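Engineer: got a structure for you, letters missing:
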């Protein structure tokens, strides 16, 4: 039971990036419903797969991936914030394609890869841990998307500014590794 509680708390920590990203993307009116579902499911799947991959890959590679993914995510958020600020019409979605969503989902899931390295030391409940990470990250992503949509609907005209500012702040966070 202690292991499940620990895994649950780790899952919450792992899901916070996906939650933040989800709020920003929907506050900025960046995703339609199909892409929201795709992104949520993909984040959930990756939070299941990444810890399992972490069991099989070395620490040196994971350190480099985590280091690089932070900069990649920072660049993506910077580009998205520029697109949000330069977007003229609020009704039009900024064209975020599925490749963008896959890259973002992978970068917010890299931290679960390194957690998988730690799980390999205990060799206990690896699949159960990954399942917990997957479910919690999926739920946090859906919740973030829902909150972002709600904010977007409530503040209407200012939603692009709020979303763009949040994306810019996230890009700075990832560049500075705060």
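Structural biologist: Right, received. Where do you want to start? Keep in mind it's a predicted model, so treat the numbers as computed, not measured.
Engineer: helix/strand/coil for residue 96?
Structural biologist: Here residue 96 takes the coil state, with states given by DSSP: H, G, I helix; E, B strand; the rest coil.
Engineer: what's around it, how many residues?
Structural biologist: For residue 96, the count of nearby residues is 19 (other Cβ atoms under 10 Å). C-beta coordinates here come from the backbone N, C-alpha and C atoms, glycine included.
Engineer: quick check: closest non-adjacent residue to it.
Structural biologist: residue 30 (5.3 Å; Cβ to Cβ, 6 or more residues apart in numbering).
Engineer: verify the contact between that neighbour and residue 80 for me.
Structural biologist: Yes. Taking contacts as Cβ atoms under 8 Å, residue 30 lies within contact range of residue 80: 6.9 Å.
Engineer: helices or strands up against the helix or strand where residue 137 lies?
Structural biologist: Element membership for residue 137 (DSSP states H and E) is helix 126-155. When contacts are defined as 3 or more Cβ pairs under 8 Å, 6 or more residues apart in numbering; DSSP states H and E, helix 126-155 packs onto helix 2-27, helix 33-54, helix 98-122, helix 159-176.
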